[in-house]
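Colleague: no sequence for this one, just the structure:
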């Protein structure tokens, strides 16, 4: 499905991994040019990502046209220029314990981790990512702090991460979601995933990239009448539906493509975002 938007966007929103950057974590040249050209015409880019704020500089160092980011799948609204967390939505310890107990019961062998939030990207007063000894990272994470099982759950967190190397993320989400429904706990939290290699991410109910973008727009006065949004994974679905025009890149998950207004002709390794934006910004 491919459609073109009739008017230029007033706001560009993009997922990062698998969408804006290529598989080497590089923003491709056409995408850089298009985003910079849009910025020069008063159309900003907002990053909407599962990444925490401390992993945003890697992107903005290549693409300085972005001032704000929605991080942790919508749980954090981050002012990049000021290095300040403007808003966060957290799961409290009692909920974390209930979800963790279900995960241990229905996903035996899974490891747990928690993403926490401070006042900035590098708030030394807050350990940002804590994990149990059984947690195996789905990607390189140099700031991992190993703690005991109980310590994972004793502070509020923007995300509880559940990792099982022997399952797909889709199968994990299906299993844990069913267990939550059976236990009458399905309204306590929301589950999504940004990679299908055995990692699911649990957040407060109603928290997703769309909710984070709405919060950001209200806080800083962004125009949202003609938003174009780009994504590739199920954690992008609400965002693509929220935007006036949602674009799933060519390498996107089938569910994400089904939710989009347009499926792009290019993947993230071939300027997927830039190839669309050059319709208006070159």
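Modeller: Noted; the coordinates are in hand. Predicted model only: the values in this text are computed from it and were never measured.

Colleague: show me where the stretch 1-150 of the chain has helices.
Modeller: 29-40, 57-60, 93-106, 149-152 (DSSP state H, counting those that start in this stretch).

Colleague: what's the closest of those helices to residue 83?
Modeller: helix 57-60 (9.1 Å; Cβ to Cβ). To be clear about C-beta, it is placed using only N, CA and C from the backbone, and glycine gets the same treatment.

Colleague: what mean pLDDT does that closest one have?
Modeller: What helix 57-60 shows for mean pLDDT is 94.

Colleague: Identify the residues contacting that helix?
Modeller: Here helix 57-60 makes contact (Cβ atoms under 8 Å, 6 or more residues apart in numbering) with 16, 20, 21, 25, 27, 47, 66, 80, 121.

Colleague: Which one among the residues you listed sits at the bottom for pLDDT?
Modeller: residue 121 (81).

Colleague: Distance-wise, check that one relative to residue 72.
Modeller: 12 Å (Cβ to Cβ, to the nearest Å).

Colleague: centroid residue for this structure?
Modeller: residue 50 (2.5 Å; Cα atoms, centre = their mean).

Colleague: For the spatially closest residue to that residue that is not a sequence neighbour, give me its contacts.
Modeller: Distance criterion Cβ to Cβ, 6 or more residues apart in numbering; nearest residue to residue 50, sequence neighbours excluded, is residue 194 at 4.3 Å. Counting by Cβ under 8 Å, 6+ apart, residue 194 makes contact with 17, 18, 50, 73, 201, 233, 234, 235.

Colleague: how about the last one, secondary structure?
Modeller: Secondary structure state of residue 235, per DSSP: H, G, I helix; E, B strand; the rest coil, is helix.

Colleague: what's near enough to touch residue 166?
Modeller: 109, 198.

Colleague: That one looks like it's in a strand, true?
Modeller: No. Counting by three-state DSSP, residue 166 is not found in a strand; it is coil.
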